[in-house]
Structure formats: structure tokens, C-alpha cells
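> A structural model of the following input is requested.
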Amino acid sequence: MRKRRKFYRGVVNHVYQRTVDGVHLFYSIEDCLVFFTIFAVCARSAGVQILEICLMHNHVHFLIRTETIQELSAFVDRFTAWFVHEYNTFAGRKGKLFKKNFGSAPKWDEKKLRSAIIYVGNNPVEKNFCKSAIEYRWNFLAYGKSDHPFSPKIIIRQSSPELKKALKEVDLMEKLNLPLKYAQLIRLTKGLSGKEMEQFVDYVISSYLPVDFEELTSHFKSFDCMLDAMDSTTGDDHDIKENRDNFSLDAFNEMCRYMQKSMKSNEIRKITALSDERKMEIYRELQSHTSASAYQICNFLHLPTARK
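So this is what the prediction gives:
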């Protein structure tokens with residue numbers, strides 16, 4: 001029998017949502033942006049307060065304040081169902097992506113809340129994605145200091161016609177409170193230079209960002225004090241019971257490079273729609289041509305780990 005979810009009205013909850021069997025979720029910038037804009041649109045529509053969010057390879061963390069447990073559950077159900085629909089439709093796959101039950105833990109104590117903030121921000125540091133939390137784009141902390149932390153500031157008169165058109169469409173979608181779709185992102189970014197692509201991503205994130213940085217930093221002396229705390233300790237959240245795995249960013253990048261060369265395409269997520277027989281053929285190829293472990297390859301290909 002599943003334990004009853006703890007909830008306290010108006011208290012910040014740390015929510016942890018993991019994929020089924022720990023399979024990989026975010027293969028590309030498009031995956032991250034589609035998920036992020038759906039999340040942002042749902043947060044705005046629901047009127048919930050988001051203090052922090054972090055996208056990882058097979059799970060998502062966020063800190064959220066809602067008035068009722070029903071409001072929290074409805075929010076999670078809506079953004080996950082919406083993203084799964086978009087992901088499956090574009091990749092040509094069927095089935096679930098996320099575990100049915102998400103993890104959550106209320107943070108009614110100030111010390112516990114500060115520790116959870118540090119823990120969420122430092123998740124990519126713990127997984128060796130970066131050395132400092134502020135360096136990771138997908139925990140969105142850098143956007144608390146700048147609206148273009150990973151690219152040069154956009155100067156419209158010096159921008160290409162392609163970038164100007166893309167930004168104009170992003171403005172329209174954000175104003176209508178609509179998320180960006182896969183085909184739309186591919187169309188909008190076609191023809192952009194490497195620098196313009198980084199500018200575009202920063203622009204999308206800054207335009208849609210649902211994080212309440214004022215509330216987030218109110219639990220520390222300042223934004224910089226919060227970052228210093230993240231650099232000095234990892235934080236912890238034993239209440240959330242996060243699953244641990246042996247994910248390796250180097251192994252993941254190896255598999256991506258091999259598949260891009262093999263498929264002659266950057267749309268790696270489409271391997272998730274292949275038959276199990278074809279996936280097993282690719283499994284053997286990745287075993288021979290990369291340093292990835294059996295477990296890592298299974299998660300990359302969305303194969304049951306029992307098959308390793």
C-alpha cells in the first residue's frame with residue numbers, strides 16, 4: 001500500500017519526477033526547450049509559485065508552492081502528460097515516459113528548505129555535469145543574474161533575418177502562453193549560426209522563465225550568498241529518496257556521437273521508437289564502439305535493463 005503523500009498548505013514542496021526504469025529523457029536542446037516551455041506555460045496557467053527547477057538526464061527536480069495537494073497533483077499531471085504527448089508524437093513512439101507516482105517532500109522548516117534549494121541547484125555538480133551550479137544552463141540559476149548568461153547580448157540591428165524572425169515568433173508564442181513545439185523549434189533554428197543558436201536558447205529561457213528569484217534568494221542573504229552556499233556544500237534531501245544511477249556524461253556523449261554518425265541525423269530521440277530487435281542490434285554496436293556500460297546503453301535506448 002502506497003504511503004499517503006505529506007502536504008502542508010502553502011508550504012514549498014520539493015518534487016522529484018523520474019522516468020520509467022530511469023531511461024534517458026533529454027537528448028537535445030529541443031527536448032529541453034519543449035519540456036521547459038510546457039512546464040512554464042502550465043505553471044503560469046495554474047498560478048503556482050516556482051522557486052527552482054533542474055532538468056537532468058532522466059529526471060526533473062523542482063521546488064513549488066501550491067495551496068492544495070490537488071493543485072500540486074493536477075499541475076504535475078498536466079505538464080507531464082502534455083510533454084509525453086509532444087515527445088511521443090514527434091519521436092513516433094508510444095508508451096509512458098515518467099513513473100506514475102512522483103516524489104514530493106514538504107519543506108516547512110527554513111533549514112530544510114535552504115538545504116533543498118542547494119541540493120536541487122547542485123544536482124548537475126553531483127553528477128559531474130559541471131564544477132559549479134551556476135555553470136549549468138538547465139538549473140536556470142544563471143538566469144537570475146543575466147538574461148543572456150551563455151551568449152553575447154542580442155543586438156537586433158546586427159542580427160540575421162533568421163534570428164529576428166525566430167525571436168518574433170517566440171515573443172508571439174509566449175504572449176499567447178503557448179509552448180514551443182519540436183517541428184517549430186527545428187524550423188526556427190534552421191540557418192542560425194552557432195552563436196545565434198546560443199542567443200536563441202537564452203532568449204527562449206529568459207522569455208518563459210517561471211522561477212521566482214526574489215522568493216528563492218529571500219532564504220539567503222543574497223543571490224551570491226546562495227551561490228556561495230552551493231559551492232561550499234552539496235545540500236541534502238533524504239525525504240525525497242532520489243534514485244542513484246551510474247550515469248556518465250562522457251559515455252552519453254560517446255553514444256550520441258556514434259548515433260549521429262550512424263543515423264546521419266541529430267534527432268537521436270527517434271531511436272526510442274525502434275523495435276526491440278533493432279535496439280538490440282544497436283546495443284551490440286554501442287558495446288563495441290563506446291565505453292558505455294550495459295546499464296547506460298539500455299537507458300539510452302529505452303531498453304529494459306533486465307536485457308543487459
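
> for the stretch 1-150 of the chain, which spans come out with low pLDDT?
1-4 (pLDDT under 70).

> Would you map the strands across it?
For the stretch 1-150 of the chain, strands defined by DSSP state E, counting those that start in this stretch occupy the ranges 12-18, 49-55, 59-65, 103-106.

> Now tabulate those strands in a markdown table and tack on mean neighbour count and distance to residue 304.
To be clear about C-beta, it is placed using only N, CA and C from the backbone, and glycine gets the same treatment. Output for the strands of the stretch 1-150 of the chain, formatted as a markdown table (neighbours: other CB atoms under 10 Å; distance: least, CB to CB, whole Å):
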| stretch | mean neighbour count | distance to residue 304 |
| --- | --- | --- |
| strand 12-18 | 23 | 16 |
| strand 49-55 | 23 | 24 |
| strand 59-65 | 23 | 18 |
| strand 103-106 | 20 | 22 |
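
> Just tell me which of these ends up closest to residue 169.
The minimum distance between residue 169 and the strands of the stretch 1-150 of the chain falls on strand 49-55, with 23.0 Å, by CB to CB.

> List of residues touching the closest one?
Contact partners of strand 49-55, identified using CB atoms under 8 Å, 6 or more residues apart in numbering, comprise 12, 26, 32, 35-36, 39, 43, 60-66, 117, 120-121, 123-124, 136, 138-141, 210-212, 215-216.

> Quick check on these: which are buried?
Those of those that meet the buried threshold are 12, 26, 32, 35-36, 39, 43, 60-66, 117, 120-121, 123-124, 136, 138-141, 210-211, 216, by 16 or more other CB atoms under 10 Å.

> Run through the helices of the chain in chain order.
Using DSSP state H, the helices of the chain run over residues 29-46, 69-91, 110-121, 123-126, 161-175, 182-189, 194-208, 213-217, 223-232, 249-263, 276-289, 294-301.

> Please convert those helices to CSV, extending it with distance to residue 18.
Shown next, in CSV, are the helices of the chain (distance: least, CB to CB, whole Å):
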stretch, distance to residue 18
helix 29-46, 14
helix 69-91, 11
helix 110-121, 14
helix 123-126, 12
helix 161-175, 29
helix 182-189, 22
helix 194-208, 23
helix 213-217, 23
helix 223-232, 22
helix 249-263, 17
helix 276-289, 21
helix 294-301, 11
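
> nearest to residue 150, of those?
helix 194-208 (5.6 Å).

> CA atoms only for that closest one - export them in PDB, please.
The C-alpha coordinates for helix 194-208 follow below in PDB (Å, rounded to 0.1, in the frame of the first residue of the first chain):
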ATOM      1  CA  GLY A 194      26.400  28.600 -33.500                       C
ATOM      2  CA  LYS A 195      26.400  32.000 -31.700                       C
ATOM      3  CA  GLU A 196      22.900  32.800 -32.800                       C
ATOM      4  CA  MET A 197      21.700  29.400 -31.600                       C
ATOM      5  CA  GLU A 198      23.000  30.100 -28.100                       C
ATOM      6  CA  GLN A 199      21.400  33.500 -28.200                       C
ATOM      7  CA  PHE A 200      18.100  32.000 -29.300                       C
ATOM      8  CA  VAL A 201      18.200  29.400 -26.400                       C
ATOM      9  CA  ASP A 202      18.900  32.200 -23.800                       C
ATOM     10  CA  TYR A 203      16.100  34.300 -25.300                       C
ATOM     11  CA  VAL A 204      13.600  31.500 -25.000                       C
ATOM     12  CA  ILE A 205      14.500  30.600 -21.500                       C
ATOM     13  CA  SER A 206      14.500  34.300 -20.300                       C
ATOM     14  CA  SER A 207      11.200  34.900 -22.000                       C
ATOM     15  CA  TYR A 208       9.400  31.900 -20.400                       C
END
